[in-house]
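1. how would this look folded up:
(chains A, B and C)
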Amino acid sequence: MKANNNLSNIDQEPVSFSPETMAKISELIASFPEGKHKSALIRILHLVQTEKGWVSTPSMNKVAEILNIEPIEVYEVATFYTMFHLEPVGKYVFEVCHTGPCMLVGSDNIIDYIKNKLDINVGETTADGYFTLKTAECLGGCGYGPLLQCKYKFHEHLTKERVDELISDYRAGKYDQN
Amino acid sequence: MIKVTIDDIEIEVEPGTSILNAARKAGGEIVPPAMCYYSKLPGTGGKCRTCLVEVAAGSTADPRPMPKLVASCSTLVMDGMIVKNKTSQRVHDNRGGVVEFLLINHPLDCPVCDQAGECHLQDLGYEHGSSKTRYEEERRTFDPIDIGDKIKLHMNRCILCYRCVEVAKQLTEKRVHGVLHRGDHAEISTYIENAIDNDFSGNMIDVCPVGALTDKTFRFKSRVWFLKPMEAERSCTKCSGKAVVWMFGKEIYRVTGRKDQYGEIETIDDKTAWICNECRFEKKDANDWNILGPRTINRHSVISQGKYKTNMTRRIKKLD
Amino acid sequence: MKNRKLLLENVHIPGIETFDVYRKNGGYRSVEKALKTMTPDEVVEEVKKSGLRGRGGAGFPTGLKWSFLAKPEGVPRYLVCNADESEPGTFKDRYLMEKVPHLLVEGMITSSFALGANTSFIYIRGEFMYILHILEKAIAEAYANGFLGKNILGTGYDLDLKVAPGGGAYICGEETALLESLEGKRGNPRMKPPFPAVKGLWGCPTVVNNVESIAAVVPIVNEGGDAYAQTGLGKSSGTKLISASGNLVRPGVYEIEMGITVEEFIYGDDYCRGIANGKKLKACVPGGSSVPILPHYLVTKTAAGEDRLMTYESLADGGFASGSMLGSGGFIVFDEDQCIVRNTWNFARFYAHESCGQCSPCREGTGWMEKVLNRLEHGQGNMRDIALLEEINKKIEGNTICPLGDAAAWPVAAAIRHFRDEFEWHVNEREISQKRNYGLITQPSVEA
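-> Next up is the predicted model:
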C-alpha cells in the first residue's frame, strides 16, 4: 500500500455555496448553543456534498471560514468519515455494501456484475461521467441485501435485472428529484 | 496524600496523580515507558498503550483487581492501590505485543534515521521486542515530505502519538497540521501543501518520540552519539533561551530543548523551557551561545551505552 | 410461548408514522403520565424496576446507567440517543425509526424528563439521512402539538429535541466517539474515566442510550416497571428487536418476547421460517458481527444439551468456549455453502476499515489480522498463520481504548475455535479451497 494524501496546490480557486445551502447552514449553526457551532460541521459537509457532488479543498476552506475554525479541523473530520468524497466522482455514486450479511446473499456477484456492465473497477468512474462504483462497509440493511446506496437512497434486494433497471433509471434522471 | 504500591515500592502522592506519574516520582525501573503521554502537554496519553500496567488491587476501599490492564498515564491512583509493572508477566507479554504492533509498519530504517540513538521506539524495541518479525505483509509507506523549510516528516516512522498535534494546538497560534484519515492509514499531514511556519513549531521535533519529525538543518550531518551535548543559554525575546547545543569540536551541529530522563522538555523557573525556532534553527555559531558545560544525559539506549558522561561513570563504577 | 409486542405492536397501521394516527393509537400517553403524574425520579425508578438492559449490545441495565448521571447545579445535562446503528447484522433501529418515528420521539421526551435534560439529541448514522428527515418531520409534529418546546402540556417542562447525522463511521456507535462526533470532531473514543455521566457532551453530564432502549421506556412508563419485568424471561426482561439476516427464508426485523427458543426463531412460521433454498444450517452469529460465531450444533442447543433460548443468559451459556452473546440482536445465519474463512476475513476487513486508528493495538492489529486472513482465504496461507492470528487476537483483546478492539478480536478467535478444520483445509488444500467451500463441519465427539 502506498499512500500519500497530500494534495498539491491545484484546484485552489475559492468556491461559494448556493443561497439555499447557505440558508440551511445558517439555520444549522443557530440550532446549536453559542460557541458549540462546530457541532454543525458534519451536516454542513453533507450539504456541501449534496450541492457540489463532492467535497473539494476549497469547499472545506469555505466551511472553515463559515464556522470560524482552522481549515485543518475540517480536513481532519472530512477525511475521517467515509461518506465524504474527497475527489471528484461521477454524477451518481453506487456504493455497494460488501460486509458479511450482504456477502452471504451475493453482494460479490452484484459488484462483479456492475463492474462488467459499466466497464469500470471499484473506485472508478464511467467515461461519460455518470457512474462511480464504490464498495461500502455495512450500510445497515443486512436483511434486505444485496443492496446499494446512491445519493442517500437505498436500493435493496438487488438482482442483475434490478441493477440493469437502476442504471437506466438513473441515466434517465428518474431519481434526480427530491 | 495517598499511598500506592508499584512493584512492591510504596509511594505517597497527591490525590489526582496518575499511576505513571506516581511511578516517576519514585523513579527507577518501576517507571512504565510512555510513547504518547507527555506530561507538559495536557491532553496527551492513552493512545500508544505501552504504559499498560496491571492493577492487582483497586484501592483499600475496593481491593478488587482490575480485569484489564490499564494505561498508567491516564489512570489515577487510589489510596491503597497495588500496581504491578515490572513484576507482572502479563504486563511484560502485552507490552511486548504493543511493541510488535508499533513495529510492524515501522520501516526499521534506523541506520539512516537521525533519531537513532535517542529514539524511544528503538529503546522499547531493544527492551521488549523480538529479534525476528512475524509480519510478512507489505509495510505501509509514505513519501517523506517537508512541512515547512526546517522540518521533515517521515510518516513511515510515525506512531501516531498525537504529541506534535498538541504542540501545534497549545504552543502555536494557527494549527495547520493534524491527523487525517483513520485506522491504519491515518497520517500526520497538512492535507494540502502547507508550510508549518511559526516561532514554536520546532518543538514538534523535540516531542516526537521517533524519527518522524526531524530537523532539516541537522539531517544526515552526524550521528547524535558522535556529538557532545552542552548546556547553553542565550538571551532571547521569544523563548527561555535555555537549550542544549550538540557540538563536534567547536562547531554546533544542532540545537534542542533540554530534555529530562523521560525525553520531556525540562521545567525551568516554573515554565516548560520550550525553545523558539530562531534559537533552534538559526543560532548555530558557538558565539551565539553562552556555553555552560557538558549536559548530563540520562540515557539507557543501547546505542548511547558508554558515550555519555553518566554512563561512563556508571561503567567505571561497575568495574570496581 | 406467548409473544407480546411492546414496540412494533402498531407498526402495520397505515399512517402510524404521522402524529395523528400515532396519537389515536395510544401514542404519547407516557409523556402525559410522566410529566403530569410522576416526578423524574419516579420515572427512573420504574425503568430500574423494569430490568431493561441496554439494547445497543452491551446489555447494561438502563435504569442503573441513568442513576449514575451527575446532577451539579447550574450545569445542563443531555440525553443523546445512539441511532448510529452500524454493527453488521443489525438493522432494527432503522426499522423502528422508519416505521414508528414517534415512538422514539415519545421515548426521548419521557426519558429526557426523567433525566432532567432540556436539550436532547438523536445522533443518527449519515447513511440513514432519509430517516433523519422522517424523524425531523415527526419532531416538527410533536412541537406543533405541544409535546416539545416550552412548557410541554402546561407542566412547565421545556425540551428541545434535535437530530444530528454522522458521516460514515462505525466507531461513532461507541458512546464517547459518538459524543466527539456530535461535537463536530473525528470519532476518536475518549479515555474513560471520566464517563459521559460525569463529563459527556461539551463536558456536561450526559446519558447515551440506544434507540430501542429509549423506545422501551414508553411501555415501561405506560404499564409500570413491574409489568414490563414480567414480560420476557428472568433477567432478560421485556421484548427485543432481532434483525435476522443471512441465508434465511424470511430475514427481517422481529420483535420477540425474550425467552423463545432459538430453534423457534430460526424455523418457526412466525419468524424466519428456516434456512433458504432448503439448505442446512452451518453456523450462526446471534448478536451482531462482534459476538462469537456458533457452529450448527451449538446454535439451538447449549453444550449441555439444553434448548438455547433467545435471552442474554442462554445465548451466553458456556461462555466463549461454547456460547456467544445476544449483543445488539443482529442474528446472522450461514447455510452449508458458506465459507467461514471468507466470512472471518470479511469481518476482519470491516473492523480494520472502521478502526479509528487512535490506539496502536487496534490500528495495527486489525489491519494485520485482515491481511493474514486475506492470504488464508485466497490460498496463500500456512499453518503458522492460524497460530499467529490467535496470538494477534490476544494482544488486541482488552488492550485498547474502546471495545472495538475486542469486537475485532472475538469473531476471529471464535471462528478458529470452532472451525479450525476449515482454516487448516484452506492451508492444506489450497487449490481445492479456491474452487469450492468446505461444507458442513461435523460435531466433535464428546469424550466420555
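2. could you list the low-pLDDT ranges of chain A?
-> Within chain A, the stretches with pLDDT under 70 are A:1-12, A:178.
3. how deep is residue 56 tucked in, by neighbour count?
-> Picking chain A for this. Residues within reach of residue A:56, counting by other C-beta atoms under 10 Å in any protein chain shown, total 21. For glycine as for every other residue, the C-beta is placed from the backbone atoms N, C-alpha and C.
4. wait, I meant chain C there
-> Neighbours of residue C:56 under the rule other C-beta under 10 Å: 26.
5. residue B:295 against residue B:227, yeah?
-> No. Under the criterion of C-beta atoms under 8 Å, residue B:295 is not in contact with residue B:227, lying 10.6 Å apart.
6. span of stretch B:128-146 from start to end?
-> In stretch B:128-146, first residue to last residue: 32 Å (C-alpha to C-alpha, to the nearest Å).
7. pLDDT averaged over that stretch - what is it?
-> On average, the pLDDT along stretch B:128-146 is 89.
8. what does that stretch contact?
-> Stretch B:128-146 is contacted by residues A:1-4, A:6, B:92, B:95-96, B:99-100, B:103-107, B:152-156, B:184-185, B:187, B:195, B:216, C:368, C:371-372, C:388, C:391 when judged by C-beta atoms under 8 Å, 6 or more residues apart in numbering or on different chains.
9. could you spell out the sheet neighbours of the host helix or strand of residue B:245, each with its direction?
-> In this assignment (DSSP states H and E), residue B:245 forms part of strand B:242-248. Strands adjacent to strand B:242-248 in the sheet, as given by DSSP bridges, are strand B:228-233 (antiparallel), strand B:251-256 (antiparallel).
10. return the set of buried residues in that strand.
-> For strand B:242-248, the neighbour count (16 or more other C-beta atoms under 10 Å in any protein chain shown) marks B:242, B:243, B:244, B:245, B:246, B:247 as buried.
11. over to stretch C:172-183?
-> Going by neighbour count (16+ other C-beta under 10 Å), the buried part of stretch C:172-183 is C:172, C:173, C:174, C:175, C:176, C:177, C:178, C:179, C:180, C:181, C:182, C:183.
12. how deep is residue 139 tucked in, by neighbour count?
-> Went with chain A since none was named. Residues near residue A:139, counting by other C-beta under 10 Å, number 27.
13. switch to chain B, that's the one I care about
-> Neighbour count of residue B:139, defined by other C-beta under 10 Å: 13.
14. what's the closest residue to chain A within the stretch 101-250 of chain C sitting at in phi/psi?
-> Residue of the stretch 101-250 of chain C nearest chain A, by C-beta to the nearest C-beta: residue C:167 (2.9 Å). Main-chain torsions, residue C:167, degrees, to the nearest 10: phi -130, psi 20.
15. so which bits of chain B are right by chain A?
-> B:138, B:140-143, B:145, B:174-182, B:185, B:187, B:189-193 (C-beta under 8 Å from any C-beta of the partner chain).
16. no, scratch that, I was asking about the stretch 301-448 of chain C
-> Contacts of the stretch 301-448 of chain C with chain A, taken as C-beta under 8 Å from any C-beta, map to C:330, C:332, C:334-335, C:338, C:342-343, C:346-347, C:349-350, C:353-354, C:356.
17. take these and keep only those in helices.
-> C:342, C:343, C:346, C:347, C:349, C:350, C:353, C:354 (DSSP state H).
18. which one of the residues you listed is nearest to residue C:282?
-> Closest approach between those and residue C:282, by C-beta to C-beta: residue C:343, at 10.2 Å.
19. just give the closest residue to that closest one, not the sequence neighbours.
-> Once flanking residues are discounted, residue C:343 sits nearest to residue A:100: 5.7 Å by C-beta to C-beta, 6 or more residues apart in numbering or on different chains.
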